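*Asks:* got a predicted structure plus its sequence, pasted below:
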Amino acid sequence: MSLEPAISVTPSEIDKVNLLGLSASSLGDLFEQMGEKRFRGTQILKWIHQMGVCDLDQMTNISKPLRARLAELGEVRIPEVVSCQDSVDGTRKWLIRVDGGSCIEMVYIPERERGTLCVSSQIGCALDCAFCATGKQGFNRDLTAAEIIGQVWIAADSFNQFDVAAPRRVTNVVMMGMGEPLMNFDNVVDAMNLMLDDNAYGLSKRRVTLSTAGVVPALEKLGDVSDVSLAISLHAPTDELRNQLVPINRKYSLDEFVASARRYLEKMPDKRRKITVEYTLMDQVNDRSIHAKQLAELLRDLPCKINLIPFNPFPGTDFKRVTNTALNRFRDILHRDGYTVTVRTTRGDDIAAACGQLAGQVNDKTRRQARYKKRLEEREGEHSQALDRESRPIKVIG
Ligand code: SAH
């Protein structure tokens with residue numbers, strides 16, 4: 001007896017190629033396979049990413065019969081925006097649902113002369129850095145190229161940027177949202193290429209930044225296929241300390257990571273380019289004078305600028321934000337040693353959009369989220385017991 005369900009399965013929309021994530025060249029391939037001219041690919045690219053048009057029927061420079069044939073193979077699917085919140089300081093945060101039901105977060109940070117979009121590359125993150133909220137959510141899967149570039153599309157749409165007369169609000173993109181971009185190499189590279197493509201978003205390579213915690217073999221490969229700006233998340237000047245904060249350091253040491261970043265720069269024809277070094281400062285953990293001096297020594301041969309990030313707390317963390325005294329001392333030591341140092345100001349604090357606070361709603365495939373939640377509950381228990389002791393001396397029973 002057959003246990004097959006008695007329903008006929010027709011190709012669902014999900015089986016169609018999502019044209020959103022395809023490059024001009026892949027779109028060209030698609031048309032070529034249909035026996036058409038490759039340049040049609042660029043036409044579609046412009047409709048989607050320059051004009052914000054997703055309905056194939058509105059792509060009027062393609063003939064009706066050809067549009068119908070294309071619609072059999074592909075469609076443009078934009079990830080669903082679940083919510084969009086604005087902070088008092090102008091920062092905007094989106095919660096975006098992707099296939100499979102999980103949600104990722106994306107943040108836009110306006111500044112005087114630029115607007116930076118902080119884009120996610122994975123649902124959750126497998127690296128589990130000790131001080132990062134995303135890591136506590138566990139890991140679900142890589143985002144597709146369509147889901148990554150889809151975030152840029154959503155922001156552009158949200159700011160009315162597809163109207164040529166409207167000002168360009170998204171001037172910079174940083175791959176600093178949820179996930180480790182180099183663990184999702186191909187999709188991230190494809191999406192970044194769309195950010196750079198003049199027929200799509202046309203951003204300059206200096207304004208698209210990939211940030212990594214140090215997946216060294218992938219970084220070696222990156223320099224062969226891309227020339228975007230690179231940020232490296234160091235957070236500690238010695239392997240001993242970094243092993244505790246950034247577990248992937250146990251696999252690829254600090255020296256290997258810094259050397260690989262230097263090789264990345266050496267592959268760039270423009271010799272003035274610099275690496276951004278990110279260093280999240282936590283009270284009493286990595287904020288001492290000795291750490292600043294060791295960092296200065298470590299970076300001696302790397303053309304770089306250093307971005308100090310005061311730690312942003314999230315529920316359940318033991319780490320504390322660096323004090324202003326320690327922050328200034330750290331900055332001054334590096335300054336005196338000749339480094340360009342900037343301090344990242346905390347933005348979007350009121351909507352939990354600050355750096356490292358992006359949590360999304362990850363359908364965790366590891367057990368990490370459950371462990372984290374249990375810990376949080378235990379702490380809440382301890383906390384309310386403490387409150388009981390302090391503020392309710394008379395215990396009401398029953
Ligand atoms: N996985 C990538 C990109 C995502 S994190 C990376 O590690 O670079 C982007 C930056 O935010 C990293 O430098 C990260 O270390 C930092 N960060 C993470 N959690 C933070 C927190 N709670 N407070 C401040 N910065 C944090």
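*Replies:* Structure received.
*Asks:* just the helices in the protein please.
*Replies:* 24-33, 40-49, 64-73, 133-136, 145-158, 185-196, 216-225, 239-245, 254-266, 289-298, 324-336, 368-391 (DSSP state H).
*Asks:* quick one: which of those helices has the weakest pLDDT on average?
*Replies:* In terms of average pLDDT, helix 368-391 trails the rest of the helices of the chain, at a mean of 66.
*Asks:* so can I have JSON lines of the helices of the chain showing distance to the ligand?
*Replies:* Bear in mind the C-beta positions are built from the backbone N, C-alpha and C, glycine included. Converted to JSON lines, the helices of the chain look like this (distance: least, CB to the nearest ligand atom, whole Å):
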{"stretch": "helix 24-33", "distance to the ligand": "26"}
{"stretch": "helix 40-49", "distance to the ligand": "24"}
{"stretch": "helix 64-73", "distance to the ligand": "34"}
{"stretch": "helix 133-136", "distance to the ligand": "6"}
{"stretch": "helix 145-158", "distance to the ligand": "13"}
{"stretch": "helix 185-196", "distance to the ligand": "11"}
{"stretch": "helix 216-225", "distance to the ligand": "11"}
{"stretch": "helix 239-245", "distance to the ligand": "9"}
{"stretch": "helix 254-266", "distance to the ligand": "11"}
{"stretch": "helix 289-298", "distance to the ligand": "14"}
{"stretch": "helix 324-336", "distance to the ligand": "13"}
{"stretch": "helix 368-391", "distance to the ligand": "14"}
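*Asks:* so which of those is nearest Leu358?
*Replies:* helix 133-136 (5.6 Å; CB to CB).
*Asks:* show me how far that closest one is from its chain's centre.
*Replies:* Distance of helix 133-136 from its chain centroid, counting by CA atoms, centre = their mean, to the nearest Å, is 13 Å.
*Asks:* residues making contact with it?
*Replies:* By CB atoms under 8 Å, 6 or more residues apart in numbering, the surrounding residues in contact with helix 133-136 are 124-125, 127-129, 178-179, 314, 316-317, 356-360, 368-369, 372.
*Asks:* just to revisit the earlier point, which stretch among the helices of the chain comes nearest Ile351?
*Replies:* Per CB to CB, nearest to Ile351 of the helices of the chain: helix 133-136, 13.6 Å.
*Asks:* what comes up buried for the closest one?
*Replies:* By neighbour count on 16 or more other CB atoms under 10 Å, the buried set for helix 133-136 is Ala133, Thr134, Gly135, Lys136.
*Asks:* pull out the buried residues from stretch 266-279.
*Replies:* Ile275, Thr276, Val277, Glu278, Tyr279.
*Asks:* dig out what the first one forms beta bridges with.
*Replies:* Spelled out, that is Ile275. Cys304 (DSSP bridges).
*Asks:* again with the last one
*Replies:* Beta-bridge pairing for Tyr279 (DSSP bridges): Leu308.
*Asks:* wait, isn't it in contact with Ala231?
*Replies:* No - contact between Tyr279 and Ala231 fails when scored by CB atoms under 8 Å: they sit 10.8 Å apart.
*Asks:* spit out the residues that contact those two alike.
*Replies:* Asn307.
*Asks:* winner for burial among the helices of the chain?
*Replies:* Comparing the helices of the chain by mean neighbour count (mean count of other CB atoms under 10 Å), helix 133-136 comes out on top with a mean of 26.
*Asks:* can you give me the strands for the stretch 51-200 of the chain?
*Replies:* Applying DSSP state E, counting those that start in this stretch to the stretch 51-200 of the chain gives strands spanning 74-75, 80-86, 92-97, 103-110, 115-118, 122-124, 139-142, 172-175.
*Asks:* pairing partners for the last one, with directions?
*Replies:* In the sheet, strand 172-175 lines up against strand 115-118 (parallel), strand 208-212 (parallel) (DSSP bridges).
*Asks:* check the third one too.
*Replies:* Using DSSP bridges, strand 92-97 pairs in its sheet with strand 80-86 (antiparallel), strand 103-110 (antiparallel).
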